[in-house]
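Peer 1: Quick one: sequence and predicted model below, then my questions.
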Amino acid sequence: MIKLNLPENTPTKKELNNLAKRCKAAYERLKDSESETRLPVFIEFSGSPKSGKTTIIGIIAHFFKRMAMNVAQPAEGASLRTPVGLRDDWLSFNAWSGCYALQQILIDSNEDSPPDIVILDRGLFDIAAWMEFLCTSQKRISEDDRIRITDFFISDLWRRRVQTVFLFTADYPTSLIRETSHKLTEEPGSVMNEDTLTQLLDAYTVVGTRHAALFDHLYHVDTSFVKDQSPSFQRIAYVVADAIVSLMEELGTQMLLVTDRVLFDGFVTEQTTVQAKVAQIVSEKKFLERSDAEKSQDVQQVVPYAIVENDDGRYFWARRKSNVKRKALQGKNTILVGGHAEKRDWHESEPASVFERCLRRELEEELVGIQVREVIPLGLIHDSRNEMGYHHLAFIHRVKIGGKTSIRRQALDQEFGRESVSWKTADEIKQAVVELDPWSQLVAHELFGATIPPLSSDPTLFTGMK
């Protein structure tokens, strides 16, 4: 958890102009047709009562809207939408609020035209803190129940959608002043009393420490008074907006996993060779910005791909649009789903999982309703006779899935036609192998015994493919 420092002075006009300039440039990169960032960017604001988070949310939303971004700002479930009957039961109250936040994440993630940014006032991190509070301080739930409830809400299935969490806190004297400054009484409330608020702040600290590794960007903002003075809310908002813009810049700058060039060609399935290359990639851990990787003659970009098999023994098949930017792929079919392994797929405690983490992310970005049941490494493809093969090293996997699967609408709009996706048997793929792109042909040949034509040596083939 990173603590954001709050300078005493308010931001200068120069600082504000520079922030706006950076934001516009970062947003332009995110919206570029070559960007692989999946929108929306989810930002959670969590924290204790009267810490200023709701005020800051308003300022932040106003800024990004003025930057011409599509900002979704769902009403806070806990304060505006919770049924009145739940308010006296903190467990029901917070479980409902957590479900409300999760509902917003699922809805906005699956919109045909998703917003650019979704700002959540209390979300998945917040519910984890309240479960800690209800278990440790209130003895309302058992440790086993706390773990079960928390594990559900911070499951990787939806937690990975939330790119940043801002934890706002303020000490009791500060919170009390903010609570009563425009009121007629200082009588304590059910939460706004010293004991409860202190216990809740402890719970936020414990959860922030316990789960810091699970959230890619977790920031702590302490808005307590300093020398009887509240920090400038404009400065707080500026520091928070700066962190969000930095995240946008990071998301728009792809850091790709790369490796030294291999010396052989074709589809290599001999597992000793494949696993030796995997071990080398994991031990070396090299990342390059995408533009630098494309120019480099010394390295290849690592691209895990999957041939996807459903419960019926049929395989994913999709036809690209005739007007896609990659001319050589216009109207071509593929049986592969995948893309670049990136720095965001890397996990220091499980470096060897980078291939599977990338595959699962790509599958989620392309397909809807899937349950990944098995990931089986098959081999690697290197074909130096075309630009795609020259710059990339593809690690092919067979992925068995369950569920009623369809392709995500955003993917359809970007690359595939609405009626282009189907599921084919091995025999059907063999019969139509000439309609496939070269990598898919190699896979069909290896897995199904398909007879493939000589691979094209067109140096422009696959230019720009992800």
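Peer 2: Cool, the structure landed. Numbering: from 1, shown residues only.

Peer 1: Is His211 in contact with Ala128, as I believe?
Peer 2: Yes. The pair His211 / Ala128 is scored as a contact, 6.4 Å apart, by Cβ atoms under 8 Å. The way it works is simple: take the backbone N, C-alpha and C, and place the C-beta from them, glycine included.

Peer 1: residues bridging contact with the two, i.e. touching both?
Peer 2: Both His211 and Ala128 are in contact with Ile154, where contact means Cβ atoms under 8 Å, 6 or more residues apart in numbering.

Peer 1: between the two, who's got more neighbours?
Peer 2: A count of neighbours by other Cβ atoms under 10 Å puts Ala128 above the other of His211 and Ala128, at 27 against 20.

Peer 1: Could you tell me which residues within the helix or strand hosting the more buried one count as buried?
Peer 2: Following DSSP states H and E, one finds Ala128 within helix 124-136. Within helix 124-136, the residues scored as buried using 16 or more other Cβ atoms under 10 Å are 124-136.

Peer 1: Adding pLDDT as columns, could you present these in CSV?
Peer 2: Formatted as CSV, the buried residues of helix 124-136 follow (pLDDT from 0 to 100):
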residue, pLDDT
Leu124, 95
Phe125, 96
Asp126, 95
Ile127, 95
Ala128, 96
Ala129, 96
Trp130, 96
Met131, 97
Glu132, 97
Phe133, 97
Leu134, 97
Cys135, 97
Thr136, 96
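
Peer 1: any idea which of those is closest to Gly52?
Peer 2: Nearest to Gly52 among the buried residues of helix 124-136, counting by Cβ to Cβ, is Asp126 at 15.2 Å.

Peer 1: Roughly how far does that closest one sit from Ser46?
Peer 2: From Asp126 across to Ser46, the span is 4 Å (Cβ to Cβ, to the nearest Å).

Peer 1: OK, contacts around Pro7?
Peer 2: Going by Cβ under 8 Å, 6+ apart, Pro7 touches Arg235.

Peer 1: does it sit in a helix or strand, and which one?
Peer 2: For Pro7, there is no enclosing helix or strand under DSSP H and E.

Peer 1: Now it. Its backbone dihedrals?
Peer 2: For Pro7, the backbone dihedrals are phi -60, psi 160 (criterion: degrees, to the nearest 10).

Peer 1: Burial check on Glu356, number of neighbours?
Peer 2: Applying other Cβ under 10 Å, we find 18 residues neighbouring Glu356.

Peer 1: need the next SSE after the helix or strand hosting it, C-terminal direction.
Peer 2: Counting by DSSP H and E, the element that carries Glu356 is helix 354-366. Counting by DSSP H and E, the next helix or strand C-terminal to helix 354-366 is strand 367-368.

Peer 1: and the helix or strand following that following strand, what does it pack onto?
Peer 2: Sequence order places strand 371-382 as the next helix or strand after strand 367-368, per DSSP H and E. If you count contacts as 3 or more Cβ pairs under 8 Å, 6 or more residues apart in numbering; DSSP states H and E, strand 371-382 packs onto strand 266-268, helix 271-284, strand 299-309, helix 354-366, strand 392-402, helix 438-448.

Peer 1: what lines up beside the following helix or strand past the longest one in the sheet?
Peer 2: Toward the C-terminal end, the helix or strand that comes next after helix 271-284 (DSSP H and E) is strand 286-289. In the sheet containing strand 286-289, its partner strands are strand 255-260 (antiparallel), by DSSP bridges.

Peer 1: Gly208 touches Val221, doesn't it?
Peer 2: No. Gly208 lies out of contact with Val221 (Cβ under 8 Å); the separation is 11.6 Å.

Peer 1: Go through the strand or helix carrying Cys23 and flag the buried ones.
Peer 2: Counting by DSSP H and E, the element that carries Cys23 is helix 13-30. Buried residues in helix 13-30, counted by 16+ other Cβ under 10 Å: 19, 22-23, 26-27, 29-30.

Peer 1: ok, and what's touching it?
Peer 2: 11, 35, 37, 39, 41, 63-64, 67-69, 116, 238, 241-242, 245, 248-249, 251-253.

Peer 1: 10 Å instead, please
Peer 2: 9-12, 35, 37, 39, 41, 63-64, 66-69, 116-117, 234-235, 238, 241-242, 244-254 (Cβ atoms under 10 Å, 6 or more residues apart in numbering).

Peer 1: average model confidence for that helix?
Peer 2: For helix 13-30, mean pLDDT is 95.

Peer 1: okay, that helix in CSV with CA atoms only?
Peer 2: Extracted C-alpha coordinates of helix 13-30, given in CSV (Å, rounded to 0.1, in the frame of the first residue of the first chain):
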residue,chain,number,x,y,z
LYS,A,13,-1.9,26.8,-12.8
LYS,A,14,1.1,25.3,-14.5
GLU,A,15,0.7,22.0,-12.6
LEU,A,16,-3.0,21.9,-13.6
ASN,A,17,-2.3,22.6,-17.2
ASN,A,18,0.4,20.0,-17.3
LEU,A,19,-2.0,17.4,-15.7
ALA,A,20,-4.6,18.1,-18.4
LYS,A,21,-2.0,17.8,-21.2
ARG,A,22,-0.8,14.5,-19.9
CYS,A,23,-4.4,13.2,-19.4
LYS,A,24,-5.4,14.1,-23.0
ALA,A,25,-2.2,12.4,-24.4
ALA,A,26,-2.8,9.3,-22.3
TYR,A,27,-6.4,9.1,-23.2
GLU,A,28,-5.6,9.4,-26.9
ARG,A,29,-3.2,6.4,-26.6
LEU,A,30,-5.8,4.3,-24.8
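
Peer 1: From the chain's centroid, how far away is it?
Peer 2: 22 Å (Cα atoms, centre = their mean, to the nearest Å).

Peer 1: Stretch 219-228 now?
Peer 2: 30 Å.

Peer 1: Apart from its neighbours in sequence, what residue is nearest Leu197?
Peer 2: For Leu197, ignoring the flanking residues on the chain, the nearest one in space by Cβ to Cβ, 6 or more residues apart in numbering is Tyr172 at 5.1 Å.

Peer 1: what touches both of Asp126 and Ser46?
Peer 2: Counting by Cβ under 10 Å, 6+ apart, the residues touching both Asp126 and Ser46 are 53, 120, 165, 167, 204, 207.

Peer 1: In CSV: those residues, plus pLDDT, distance to Asp144 and secondary structure.
Peer 2: Converted to CSV, these look like this (pLDDT from 0 to 100; distance: Cβ to Cβ, whole Å; DSSP: H, G, I helix; E, B strand; the rest coil):
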residue, pLDDT, distance to Asp144, secondary structure
Lys53, 92, 31, helix
Leu120, 94, 28, strand
Val165, 97, 25, strand
Leu167, 97, 26, strand
Tyr204, 96, 22, helix
Val207, 95, 17, helix
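
Peer 1: just the residues you listed now: which is nearest Asp383?
Peer 2: Closest approach to Asp383 among these (Cβ to Cβ): Val165, at 42.9 Å.
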